[in-house]
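Participant: What follows is a predicted structure for the sequence shown.
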Amino acid sequence: MSDLESIRAFVEVVETGGFSRAAARLGVSKSILSRRVSSLEADLGARLLSRTTRGISPTEAGLEFKLRAERILADLEEAREAVAQSGESLGGTLRIALPLSFGLRHVQPLLAELALENPRLKIEAAYSDGLVDLVAERFDAAVRLGVLADSTLVARRIAPILGGVVASPDYLARRGRPATPADLADHDAVVQSGMRQGDSWRFQDGKRTITVRPEARFRADNGEAVVQAAAAGLGVALLPTFLTSDYIEDGRLEPLLMDYPTGEAGLYLVRPPGAPPAKVRILTDRMVERFGSQPYWDKCALRRRSTQG
């Protein structure tokens with residue numbers, strides 16, 4: 001076991017680029033980590049790391065050893081997974097990256113259920129709207145929304161993501177109801193910053209695409225803040241239904257411009273290439289069961305919309 005700890009220490013140092021970051025990731029002190037790597041180098045009779053004033057980098061021997069060390073660690077993880085599958089519950093650690101608003105509102109309850117059902121399974125969830133590098137940061141999977149860019153990751157499309165323009169009844173009473181996308185020029189908008197399309201809102205009118213850039217009165221980098229600002233009456237907002245459905249259901253927001261759809265994106269679970277471990281397969285199945293086909297948030301939103309003609 002001490003040999004495996006030394007191997008894992010070396011791999012982490014190379015991947016993170018330093019002893020401090022590797023020690024923080026592994027939850028041990030920097031001095032312990034340094035001793036483990038030094039012990040490994042002594043056992044092998046070779047220098048694995050080059051230490052300079054500019055930092056730490058693997059030697060040629062270190063690069064070669066890292067390739068084999070990663071295989072050893074991967075085989076060990078697969079062996080643990082196989083044993084876990086033979087028991088009554090999953091084991092090991094599931095590291096997953098999730099978008100902030102969607103992750104907290106819709107995936108967190110599912111992860112909690114999975115943890116309660118599998119007492120030997122540890123879950124490390126990272127919530128952020130930034131794009132993480134699954135391989136470099138050693139995540140087992142990530143939940144992603146939108147249109148995926150080409151990559152070597154394996155992606156499973158779970159469900160459609162729909163969106164639409166909404167506003168509060170108070171705002172509409174003050175400013176009127178837009179009848180076409182062009183009418184948005186006369187309205188205040190609540191905008192989520194950092195989106196791929198920028199501040200442009202795109203609508204379909206038959207085969208024609210209409211692009212508008214509404215005047216942002218309130219801007220936030222998180223969808224939860226945007227939907228709350230829209231419900232407070234600060235302006236119209238273009239948001240996914242997974243954020244607005246509850247608000248539409250109880251009347252805090254009203255859907256607008258229903259004759260001008262805004263297109264469809266996707267909910268995906270992505271993972272590194274290779275055979276997925278049992279914990280990722282189970283997570284995928286649960287997400288398909290919970291969100292697949294027509295997601296529950298769309299049922300709420302569409303029911304309310306249908307009553308409005």
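Facilitator: That came in fine, so what should we check first?

Participant: and stretch 172-181, how far out from the chain's middle?
Facilitator: Stretch 172-181 sits 34 Å away from the centroid of its parent chain (C-alpha atoms, centre = their mean, to the nearest Å).

Participant: again but with stretch 246-265, I slipped
Facilitator: In terms of C-alpha atoms, centre = their mean, the centre of stretch 246-265 is found 24 Å from the chain centre.

Participant: Can you pull the phi and psi angles for the residue lying farthest from the centre of the chain?
Facilitator: Distance from the C-alpha centroid of the chain, by C-alpha atoms, centre = their mean, peaks at Gly45 (42.7 Å). Backbone torsions of Gly45, given as degrees, to the nearest 10, read phi 70, psi 30.

Participant: For stretch 53-61, the averaged confidence score.
Facilitator: Averaging pLDDT along stretch 53-61 yields 83.

Participant: do the same with stretch 237-256
Facilitator: Mean per-residue pLDDT for stretch 237-256: 94.

Participant: Okay, buried residues for that stretch please.
Facilitator: Of the residues in stretch 237-256, 237-248, 252-256 count as buried by neighbour count, 16 or more other C-beta atoms under 10 Å. To be clear about C-beta, it is placed using only N, CA and C from the backbone, and glycine gets the same treatment.

Participant: now that stretch: how far from the chain's centre is it?
Facilitator: 22 Å.

Participant: From start to finish, how long is it in a straight line?
Facilitator: With C-alpha to C-alpha, to the nearest Å as the measure, stretch 237-256 spans 10 Å from end to end.

Participant: which residues in the stretch 51-200 of the chain form strands?
Facilitator: 55-58, 92-98, 121-127, 141-146, 154-167, 188-192 (DSSP state E, counting those that start in this stretch).

Participant: For the residue nearest the centre of the chain, give the beta-bridge partners.
Facilitator: With distances taken as C-alpha atoms, centre = their mean, Leu98 lies nearest the centre of the chain, 2.6 Å away. Taking DSSP bridges, one obtains Tyr127 as the residues bridged to Leu98.

Participant: any idea how far Val107 is from it?
Facilitator: According to C-beta to C-beta, to the nearest Å, Leu98 stands 5 Å off from Val107.

Participant: tell me, what's touching these two both at once?
Facilitator: Val143 (C-beta atoms under 8 Å, 6 or more residues apart in numbering).

Participant: tally of neighbours for Ala185?
Facilitator: 11 (other C-beta atoms under 10 Å).

Participant: Now do it, the pLDDT please.
Facilitator: 92.

Participant: Then the one 4 residues further on?
Facilitator: The pLDDT attached to Ala189 in the predicted structure is 95.

Participant: show me what contacts the residue lying closest to it once chain neighbours are set aside?
Facilitator: Sequence neighbours aside, Pro214 is the residue nearest to Ala189 in space, at 3.6 Å (criterion: C-beta to C-beta, 6 or more residues apart in numbering). For Pro214, the contacting residues are Leu184, Ala185, His187, Asp188, Ala189, Val191, Asp199, Trp201, Gly235, Val236, by C-beta under 8 Å, 6+ apart.
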